[in-house]
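Colleague: how would this look folded up:
(chains A and B, ligands or ions: 2)
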Amino acid sequence: MKVIKNIGLVIFLAGLSIFTAVVFVGTFKLEQSTFDEYVKNNNIKSELFIDAINKDVVGKEFNGMFALSPVIAQALETANAQHIKNKEWGKRIFSKPRDMAAALGKPAGSGFITNNKGIMWLLTFGLGILGALMFILPNVILLGRKGIKNNGIYLESATNRGWIAWLVFIFLVSFYLVLYFAPQYAVNWTYLVDPISKTLSGNPAGHWFVYGFMYCTVMTVMAVRMYIKYRHNMYQVVRTTSVLFFQIVFAFLIPELMGRLQGSYNKGYDFKNAFPLDYDFFFSWNLKELIDGGGLGLFILVWGIVLTLVIVPVMVYFFGKRWYCSWVCGCGGLAETLGDPYRQHSSKSLFSWKVERWLIHAVLVFAILMTAMTLYGFFAETRTVLGIKVQAVMNTYSLLIGAVFAGVIGTGFYPIFGNRVWCRFGCPLAAYLGFVQRFKSRFRITTNGGQCISCGNCSTYCEQGIDVRAYAQKGENIIRSSCVGCGVCSAVCPRGVLKLENGPEAGRINPTQVLLGNDVDLMDLVNNK
Amino acid sequence: MEHIVIIGNGISGVAAARHIRKLSDKRITIISAETDHFFSRTALMYIYMGHMKYEHTKPYEDWFWKKNRIELKNAFVQTVDHQNNQLVFADGSTMSYDKLILAVGSKPNKFGWPGQDLDGVQGLYAKQDVDLMEQYAPNNKVCKRAVIVGGGLIGIEMAEMFHSRNIPVTFLVREESFWNGVLPDGESGMINREIERNHIDLRLSTNLVEILADENGKARAVTTDKGDTIECDIVGLTPGVSPNIDFLKESGIELGRGIKVNRHLETNIPNIYAIGDCAEQHEPIGNRRPIEAVWYTGRMMGETVAQTICGNRLEYKPGHWFNSAKFFDIEYQTYGWVFSTRACPDCDANFHWIHKDDDKCITVAFNKDTKEFVGINTFGIRMRHEIFDRWLTEKRDVNYVMEHLKDANFDPEFYSQYEKEIVSQFNAENGTNIQVKKKSWKRIFSNA
Ligand SMILES: Cc1cc2nc3c(=O)[nH]c(=O)nc-3n(C[C@H](O)[C@H](O)[C@H](O)COP(=O)(O)OP(=O)(O)OC[C@H]3O[C@@H](n4cnc5c(N)ncnc54)[C@H](O)[C@@H]3O)c2cc1C
Ligand code: SF4
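Modeller: Residues are numbered from 1 along each chain as shown, chains lettered A, B, ... in the order given. Ligands and ions are numbered 1, 2, ... in the order given. Sure thing, here's the model as predicted:
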């Protein structure tokens, strides 16, 4: 079994290495006809740029995007600079250099990778999946009998912030940096999944498709790990299935298939992604597209509003915010699968809790103010509100919160700060759900009388950094806005002290008298002074 | 300002300190020679198993003590000089007190076995014991086999610890079935099988004779009264604990097995109290033992003595008995009194149900004549403390308990439920026709 596991690891690392190496290789040759078509379709008016590309790029062979990308970027920047100098506003190109490089690079690919997409898929994704499964499946036997087996978590480099964890950290952060800030280098990856993208939406894959596909793959493989690890715990099994289903069907398949729609609205939409997590829902360009998008567009507009204003809070009232955060949400889904081995790294200190409350509410305020500005801008048909450029605010949010916080830090920092950094410190939707959960909900984690032995397993494995034990050892129920209801505290508790449940609101906070075992008279005294 | 000194930073001493602080402004000092800060002894096993680090076992962050003006001192108290209200430390320095709380806990028993003080022979009680295990049994290369002597809760925890590092374990148990002085036979049998399912070499009705040393004075094997010699690299001695009172022998404080206290947790010396594992009641309370070495009672005694010290002299009045433990993957909870077949062959009727998977069972004890419910043991099914506490107070009969068993279920959502199966067996055995009622929040909360 150990041998299978080790072979699996080698295969997985081989797949990962090829996947990484792919970034640096490949032959790119932009054909004249392809470029002409691009110019036409995108209505490019800058003859400076067209000339430069015709001269320096078209017909020439480049080795890897690292060779091609700077040339295109250079051409674009020089052309734009000249147009600005000449005040030729109409000729300016608004694409970012990196996006232009990616757009021209994609059709320019030639050579082994583009000609053998299937094989390349097998050598990267295929080996990765196979290796990971070979690494994970033997756990059915190796972990021993079913039950909580957190053995060795703090003895192993990967899960104890050792060098493996730091390598994973570097890899994840680099991956997100490419994704958000250098997509031109992901062009080779897009070829690997082109066939799948064509089957689904009919379009070639972009880097976001790579990400979406990879997200689903990673979640599926790591869900297998969850199923094995928590095979004694039906709550975990059901929850993992739910979160996987919503990711694959709602976040991935439906939006891709929507690309095939013939109607006036054929952009992908993730029906479960609620504002303000879906922070650009009320951006004016999105509103315009929805309003102009015929029946479907209008339906999505209404759905999005109802989802946030009615469905989300009502569901939180009945089930707690877990229904979203650990049963439906994609960010939560990744955290609960890929992130599960790192859940113990969330800081439990009071200090972190203070930081958490400041940060997450600040992001919520930021999101709401920004949305107010965009809505005002939309209806008043103005680009500045109170002297501030709406576009600048939107860009800042997208960069700082959308990309850096949610992506780079949110996932990249898993191995170091735990798997819910974004959900705990940043997600504005979580903050909103948290208010409802804290003040108007039937959900609670019930503490089982005086049975707590203060061992600390619950706190250690709380991914949201809640010091569960602090409540449990006093016999208090746990009612915290940040709790996502993953159920792991209850799973790891060796004394059966914790139960996630939905019940009447009366008695939710300090139900009846806190029972620690002492005679009731004493409990009176202990409680009422 | 009155100075309260507490010897022992375990659960009982810390519970006392916290409650004294809540109730008063007195100066409080906690002394311990074990660790600087309070940690959870019950979690020691998880440090070795790698579930947690020592840091995680501390229930309060390190700033807590200063903020609550609880002074901490890491030192060993050599003697208590009550005539001068003074403690003498190992280094000769002294500290005076106005009131002294002894919360000094227990130490592992040793029964004079030959070789019991060799290197590689140890109990499991203190933080230092885990460090020793790490030294003598870091993995199954250094430690080819571990032998554990003594079939109680700490013994089985030690077995699980070694097992988590794939170290083969031989488990010597004096009794003919694991922990059958406490558990009824059906349950004890199930735990025997659980131990064996985890590949522990369980040897029942077997006593340790001698621990043999190698040339370096380290344990290398044990011999048993069955004539076997078992090679091993570490020996865990876990035949129970007894109060840690050696340093009090000459103090004039009345001692028995533990520190003798009355119902107010007062010793024979005014202004000296004893709580937790080390306290011994003159008269047992109800069915309880005079020395109760469990976490919960330590906490309760700490809460009680704090009231007394802050001017509200209170009796220690524990409510209904409860406890819990975990045997490998099987959780155990108990409420009220269920006696082992050995301890009480015919005092109450026991209804026993066991699931076909052999990993869940319950035993419900009730009075044969009056049918009054007196206690339940539950394995592999979590149950609500408050519900059973209430049923015991209300002196419900066993039929009522069976009928409302779903109210007591505390398993996570989506778990299979067994109440129907349990009750139909109960009906068959007792000629009753009880229908299980649906869980009712109203009943669960009806206490207030
Ligand atoms: C491995 C293990 C697992 C356990 N699991 C459970 C469980 O699951 N459930 C349960 O209910 N109970 C359990 N127990 C029992 C429970 O931990 C004890 O009952 C409880 O910790 C006792 O607390 P205490 O405050 O009385 O004493 P202790 O926690 O023993 O604290 C006494 C402290 O006083 C210090 N001290 C003693 N003498 C001196 C001196 N002269 N000078 C300075 N310091 C001194 C000691 O070093 C020690 O730190 C377990 C015990 C062990 C060892
Ligand atoms: S895991 Fe259970 S026993 Fe341990 S501290 Fe948490 S609630 Fe208490």
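Colleague: Quick one: the strands in the stretch 151-300 of chain B, in order.
Modeller: Taking DSSP state E, counting those that start in this stretch to define them, one finds strands in the stretch 151-300 of chain B at B:169-172, B:201-203, B:208-213, B:219-224, B:229-231, B:234-237, B:241-243, B:259-261, B:272-274, B:279-281.
Colleague: and those strands as a markdown table, adding mean neighbour count and distance to chain A?
Modeller: To be clear about C-beta, it is placed using only N, CA and C from the backbone, and glycine gets the same treatment. Shown next, in a markdown table, are these (neighbours: other CB atoms under 10 Å in any protein chain shown; distance: least, CB to the nearest CB, whole Å):
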| stretch | mean neighbour count | distance to chain A |
| --- | --- | --- |
| strand B:169-172 | 24 | 13 |
| strand B:201-203 | 19 | 15 |
| strand B:208-213 | 19 | 27 |
| strand B:219-224 | 20 | 24 |
| strand B:229-231 | 14 | 23 |
| strand B:234-237 | 27 | 18 |
| strand B:241-243 | 20 | 16 |
| strand B:259-261 | 24 | 16 |
| strand B:272-274 | 27 | 16 |
| strand B:279-281 | 23 | 15 |
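Colleague: Compare these and give me the one nearest ligand 2.
Modeller: Counting by CB to the nearest ligand atom, ligand 2 lies closest to strand B:241-243 out of the strands of the stretch 151-300 of chain B; the figure is 20.2 Å.
Colleague: residue ranges with poor pLDDT in the stretch 201-350 of chain A?
Modeller: Counting by pLDDT under 70, the stretch 201-350 of chain A contains low-confidence ranges at A:264.
Colleague: For ligand 2, what is the nearest residue in it?
Modeller: Of all residues in the stretch 201-350 of chain A, residue A:348 sits closest to ligand 2, at 11.7 Å by CB to the nearest ligand atom.
Colleague: so what's the residue of the stretch 301-450 of chain A found nearest chain B scoring on pLDDT?
Modeller: At 2.8 Å from chain B, residue A:449 is the closest residue in the stretch 301-450 of chain A, using CB to the nearest CB. Predicted confidence (pLDDT) at residue A:449: the value is 90.
Colleague: what's the spacing between it and ligand 1?
Modeller: 13 Å (CB to the nearest ligand atom, to the nearest Å).
Colleague: What's the local residue count around that residue?
Modeller: 23 (other CB atoms under 10 Å in any protein chain shown).
Colleague: and the closest residue to it other than its chain neighbours, what pLDDT?
Modeller: Closest residue in space to residue A:449, ignoring its immediate chain neighbours: residue B:385 at 2.8 Å, by CB to CB, 6 or more residues apart in numbering or on different chains. Listed pLDDT for residue B:385 reads 95.
Colleague: out of the strands of the stretch 151-300 of chain B, nearest to ligand 1?
Modeller: Per CB to the nearest ligand atom, nearest to ligand 1 of these: strand B:241-243, 7.0 Å.
Colleague: And the closest one, what does it pack against?
Modeller: Using 3 or more CB pairs under 8 Å, 6 or more residues apart in numbering or on different chains; DSSP states H and E, the elements in contact with strand B:241-243 are strand B:106-108.
Colleague: Who does the strand it packs on pair with, and is each partner parallel or antiparallel?
Modeller: If you go by DSSP bridges, strand B:106-108 pairs up with strand B:241-243 (antiparallel).
Colleague: gap between the partner strand and the chain center?
Modeller: 11 Å (CA atoms, centre = their mean, to the nearest Å).
Colleague: Check stretch A:380-392 too.
Modeller: Chain-centre distance of stretch A:380-392: 29 Å, with CA atoms, centre = their mean.
Colleague: Which residues does that stretch contact?
Modeller: Contacts to stretch A:380-392, defined as CB atoms under 8 Å, 6 or more residues apart in numbering or on different chains, come from residues A:284, A:373-374, A:376-377.
Colleague: The residues you listed in helices, which ones?
Modeller: Of the contacts of stretch A:380-392, the ones assigned to helices by DSSP state H are A:284, A:373-374, A:376-377.
Colleague: rewinding a little: using TSV, lay out the strands of the stretch 151-300 of chain B together with mean pLDDT.
Modeller: Listed next are the strands of the stretch 151-300 of chain B as TSV, based on pLDDT from 0 to 100:
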stretch	mean pLDDT
strand B:169-172	98
strand B:201-203	98
strand B:208-213	97
strand B:219-224	97
strand B:229-231	97
strand B:234-237	98
strand B:241-243	97
strand B:259-261	98
strand B:272-274	98
strand B:279-281	98
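Colleague: Distance to ligand 2 for these - can I get that in TSV?
Modeller: Listed next are the strands of the stretch 151-300 of chain B as TSV, based on distance: least, CB to the nearest ligand atom, whole Å:
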stretch	distance to ligand 2
strand B:169-172	24
strand B:201-203	27
strand B:208-213	32
strand B:219-224	33
strand B:229-231	34
strand B:234-237	23
strand B:241-243	20
strand B:259-261	27
strand B:272-274	26
strand B:279-281	23
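Colleague: residues touching the residue nearest to residue A:197 when sequence neighbours are not counted, list them.
Modeller: Once flanking residues are discounted, residue A:197 sits nearest to residue A:205: 3.7 Å by CB to CB, 6+ apart. Contact analysis of residue A:205 by CB under 8 Å, 6+ apart lists A:190-191, A:193-194, A:196-197, A:213.
Colleague: Show me the two of those that sit farthest apart.
Modeller: Pairwise distances among these were taken by CB to CB; the largest, 12.5 Å, belongs to A:191 and A:213.
Colleague: what ranges do the strands span in the stretch 301-448 of chain B?
Modeller: B:322-327, B:330-336, B:349-354, B:361-366, B:373-379.
Colleague: Centroid-nearest residue for the chain?
Modeller: Since no chain was named, I'll use chain A. For chain A, the residue nearest the mean C-alpha position is residue A:331 (3.8 Å; CA atoms, centre = their mean).
Colleague: hm, I was asking about chain B
Modeller: residue B:294 (3.7 Å).
Colleague: Test my guess that that one contacts residue B:323.
Modeller: Yes - shown here, residue B:294 and residue B:323 form a contact pair, counting by CB atoms under 8 Å, at 6.0 Å.
Colleague: Spatially, what comes nearest to the residue of the stretch 201-350 of chain A closest to ligand 2 if we skip its sequence neighbours?
Modeller: Leaving aside its sequence neighbours, residue A:348 sits nearest to residue A:467 (CB to CB, 6+ apart; 4.8 Å).
Colleague: what about the one you found, how many neighbours?
Modeller: As a measure of burial, residue A:467 has 23 neighbours, counting by other CB under 10 Å.
Colleague: For residue A:173, list the residues it contacts.
Modeller: Counted by CB under 8 Å, 6+ apart, residue A:173 has contacts A:408, A:412-413.
Colleague: can you list those in CSV and add pLDDT, neighbour count and secondary structure?
Modeller: Listed next are the contacts of residue A:173 as CSV, based on pLDDT from 0 to 100; neighbours: other CB atoms under 10 Å in any protein chain shown; DSSP: H, G, I helix; E, B strand; the rest coil:
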residue, pLDDT, neighbour count, secondary structure
A:408, 91, 20, helix
A:412, 92, 22, helix
A:413, 94, 18, coil
